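1. generate coordinates for the sequence data below:
(one chain, ligands or ions: 3)
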Amino acid sequence: MSKERIANVNKNIVYEAGKDAFKKLNPKVMARNPVMFVVEVGFFITLILSIYPGVFGESANREYNIAVTIILFATIIFANFAEALAEGRGKAQANSLKKTKQDTKAKLIQKDGSIKIVDSFQLRKGDIVLVEANDLIPTDGEIIEGVAAIDESAITGESASVIKESGGDFSSVTGGTKVISDFIKIKVSADPGESFLDRMIHLVEGAKRQKTPNEIALGTLLVSLTIIFLLVCTTLVPIASYVDVTLPTATMVALLVCLIPTTIGGLLSAIGIAGMDRVTQFNVIAKSGKSVEAAGDINTIILDKTGTITHGNRMASDLIPASGISQEELTQCAVYASLYDDTPEGRSVVEFARKIGVPENALNKAGSVGIEFSAETRMSGTDFSDGKRLRKGAVDTIMKYIEHQGGRVPAGLKDACDEVAKKGGTPLVVTEGNRILGTIHLKDTVKPGMKERFEELRKMGIKSIMCTGDNPLTAATIAKEAGVDDFIAEAKPEDKISVIKREQAEGKLVAMTGDGTNDAPALAQADVGLAMNTGTNAAKEAANMVDLDSDPTKIIEVVSIGKQLLMTRGALTTFSIANDVAKYFAIIPAMFMLAIPQMKALNIMGLATPQSAILSALLFNAIIIPLLIPLAMKGVKYVPMSASRLLKRNLALYGVGGVFVPFIGIKVIDLLLVVLKVV
Ligand SMILES: Nc1ncnc2c1ncn2[C@@H]1O[C@H](COP(=O)(O)OP(=O)(O)OP(=O)(O)O)[C@@H](O)[C@H]1O
Ligand SMILES: [K+]
Ligand SMILES: [Mg+2]
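-> Numbers count the residues shown, from 1 in each chain. Ligands and ions are numbered 1, 2, ... in the order given. From the prediction side, this is the model:
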């Protein structure tokens, strides 16, 4: 998302939120938030009393009833406004995304090979389309032919173009992005309405926003408190009449509204929406609020190596023949073993051979079949009709393969592989039948700034484990260079899952970042799955978050936002309940002061009259909501420290503060009301 597009809460968003606040008055909408719904019911009761003051047979006091009615109305509008404002930024983002999704034309390649121009929304999964320079990519897909530079700024806000190519982990393209050079053929991977852009629009609009388990639990607590105070207030009526005090209905409503947790009730959904929104501002698309909250409690993070910690564009950079094998034979066999290998690694071998001058016509595919690479087998190759079988693959895999065929490992091979691995490269061993021919050096580099970021994670108390399909020595080199806490090498996709399950069994919450199709199952198993945007569609589907900048350490921001979200909710709940307790002591003495003069002793705040006490408390109760909107939206500050220290600090700040702030606020309002001669 472009930085300008997220640009802060502007006037227009505030204006729209103001309108939405009134739309949300619909009782059907209000009923979703029981605390505020009670306020609305109270509002209707006092509204009736404002029009027919004697309707419940009490002595008429129209002005007072009207005053209570107006304050109650403001309370509801403030709460609705908080929610609408939090939703507003997402809506604005969704609108600009929709502009990206203008109806594009697509060049559909038909069965006979001819091209038909169709609207992008007519495309279905499996269709093949041609996208040429300056064309918008009509929808999500996998490149099946070609290499192209692609401008993804519409989605990522990043102006530098990226190279995408068929095969491997860099083959997925997103609808709405633009091809700026060359051409590609893509196989459509999303039906209409289900593309990444469609889902992003849904998400930022909050169309699919569901309450998280934490929100539901807190919501239940708030409802229980509301019921308790409803009972307290109703039982007060007979007690009052026992001491000959008649409590006006409007006063009872005001008391109830002051006591029930309206502050947190009014801000709760805004806190959740704003948390999700903050994640989006870091260019991470979270598919659910639950995952953002889970991120706040993460203990362990699992990362894959290639494409996540390293750049992942592994290229053949050297061919090292085994003893007794000529450079020519190794080169030729390496190339032949890669003839059908459409992964970037495979193509880089062919490319490398070309560069060092292997003639083009030396490549003869006649009568051969390709053995595709998979993360399970960890090798690839070519079988020829004359019985010649060429393979290349991970060191340990090839060792087993050779052993199985009665071959032997030449002296010096291990050293050659170790040499490559110590440099952080990936060694691929090339074989012909049961003969080992040599080693291919696939070069890869660690992304910059990793060490500092993992150090930050450590401060947060989060352990990082790198889990890779590569050999132990390469893994160790990269792990050391990147500064992860631990690593697991030679991992197949199911090993990645078992590592996650093992951690989860110890009661830990696990995050996983990855980019490959082989990472997809693990991304789904983790509590928080963060896929790289450069990764495959399978990985993006399985994950519950996608980082548009493809920076695995972005998990740090997500964790901070998650922690901040949980803390903000806790802090405001504490503050809200402490507030309500304070209001109780402001109102109750005032209510009984006239009938029971001894109660004056309890009127420690020295409020002017019973009515001014109640109106001041009710006004404070309303005004505190908009005053806390900025905090709810921005979140309370998170500084990495131990959970118990954090808890103590917040209890002191928001609990004790929550008791004192209303005393001061109510007193100030009471004084103002007297000065302004309202009471
Ligand atoms: N095209 C290929 N042909 C043969 N072997 C390959 C090919 N690509 C990779 N390998 C070997 O298979 C191993 C496993 O590859 P895989 O893609 O599953 O994991 P990875 O990308 O190395 O690690 P990570 O899980 O960190 O991304 C690699 O380490 C390499 O030794
Ligand atoms: K309240
Ligand atoms: Mg990978």
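2. tell me where the stretch 251-400 of the chain has strands.
-> Remark: strands assigned in the stretch 251-400 of the chain by DSSP state E, counting those that start in this stretch are 284-286, 300-303, 315-321, 368-371, 379-384, 389-394.
3. so is the fourth one next to ligand 1?
-> No: contact check for strand 368-371 against ligand 1, using C-beta under 6 Å from any ligand atom: none in range, with a minimum separation of 9.3 Å. C-beta here means a position set from N, CA and C on the backbone, and glycine is covered the same way.
4. separation between Gly483 and Asp342?
-> With distances taken as C-beta to C-beta, to the nearest Å, Gly483 is found 34 Å from Asp342.
5. by mean pLDDT, show me the worst of the strands of the stretch 251-400 of the chain.
-> For the strands of the stretch 251-400 of the chain, mean pLDDT drops lowest on strand 284-286, to a mean of 88.
6. give me the helices and strands touching it, please.
-> Packing contacts for strand 284-286, counted by 3 or more C-beta pairs under 8 Å, 6 or more residues apart in numbering; DSSP states H and E, involve helix 196-205, helix 262-281, strand 545-547, helix 555-592.
7. would you mind giving those as TSV with mean neighbour count, distance to ligand 1 and mean pLDDT added?
-> Output for the helices and strands packed on strand 284-286, formatted as TSV (neighbours: other C-beta atoms under 10 Å; distance: least, C-beta to the nearest ligand atom, whole Å; pLDDT from 0 to 100):
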stretch	mean neighbour count	distance to ligand 1	mean pLDDT
helix 196-205	20	22	79
helix 262-281	25	25	91
strand 545-547	25	16	92
helix 555-592	22	16	88
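8. output the ones you listed in CSV, with distance to Glu506 appended to each entry.
-> Converted to CSV, those look like this (distance: least, C-beta to C-beta, whole Å):
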stretch, distance to Glu506
helix 196-205, 32
helix 262-281, 27
strand 545-547, 23
helix 555-592, 19
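9. what's the closest of the ones you listed to Leu49?
-> Closest of the helices and strands packed on strand 284-286 to Leu49 is helix 555-592, at 17.3 Å (criterion: C-beta to C-beta).
10. off-centre distance for that closest one?
-> Relative to the chain's own centre, helix 555-592 is displaced by 25 Å; criterion: C-alpha atoms, centre = their mean, to the nearest Å.
11. C-terminal to that helix, what's the next element?
-> Sequence-wise, the next helix or strand downstream of helix 555-592 (DSSP states H and E) is helix 610-634.
12. by how many degrees do that next one and helix 555-592 diverge?
-> Angle, helix 610-634 to helix 555-592, by axes from the mean of the first three to the mean of the last three C-alpha atoms, to 10 degrees: 180 degrees.
13. which elements pack onto helix 610-634?
-> Helix 610-634 is packed against helix 62-100, helix 249-259, helix 262-281, helix 555-592, helix 657-675, with contacts defined by 3+ C-beta pairs under 8 Å, 6+ apart.
14. these: which one's closest to Asn621?
-> Across the helices and strands packed on helix 610-634, Asn621 has its closest neighbour in helix 249-259 (5.1 Å, C-beta to C-beta).
15. quick one on the thing from earlier: out of Gly483 and Asp342, which sits in the more crowded spot?
-> Asp342 (20 against 17; other C-beta atoms under 10 Å).
16. not counting its neighbours along the chain, what's nearest that one?
-> Excluding the flanking residues, the one nearest Asp342 by C-beta to C-beta, 6 or more residues apart in numbering is Gly167, at 3.4 Å.
17. for ligand 3, what's its nearest residue on the stretch 351-500 of the chain.
-> Gly469 (6.6 Å; C-beta to the ion).
18. what sits against that residue?
-> With contact taken as C-beta atoms under 8 Å, 6 or more residues apart in numbering, Gly469 is in contact with 306, 375, 378, 394, 490-492, 518.
19. now render the helices and strands packed on helix 610-634 as JSON lines, adding distance to ligand 2.
-> JSON lines is the format used below for the helices and strands packed on helix 610-634 (distance: least, C-beta to the ion, whole Å):
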{"stretch": "helix 62-100", "distance to ligand 2": "9"}
{"stretch": "helix 249-259", "distance to ligand 2": "5"}
{"stretch": "helix 262-281", "distance to ligand 2": "4"}
{"stretch": "helix 555-592", "distance to ligand 2": "5"}
{"stretch": "helix 657-675", "distance to ligand 2": "10"}
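20. select, out of these, the one closest to Arg408.
-> Of the helices and strands packed on helix 610-634, nearest to Arg408 by C-beta to C-beta is helix 555-592, at 45.2 Å.
21. so what's the most centrally placed residue in the chain up against?
-> The geometric centre of the chain, computed from its C-alpha atoms, lies nearest to Ala286 (C-alpha atoms, centre = their mean), at 2.8 Å. Ala286 is in contact with 203, 276, 279-280, 292, 544-545, 558, counting by C-beta under 8 Å, 6+ apart.
22. now for the residues you listed, which pair is the farthest apart?
-> The distance between the two most remote of the contacts of Ala286 (C-beta to C-beta) is 14.8 Å, for Leu203 and Val558.
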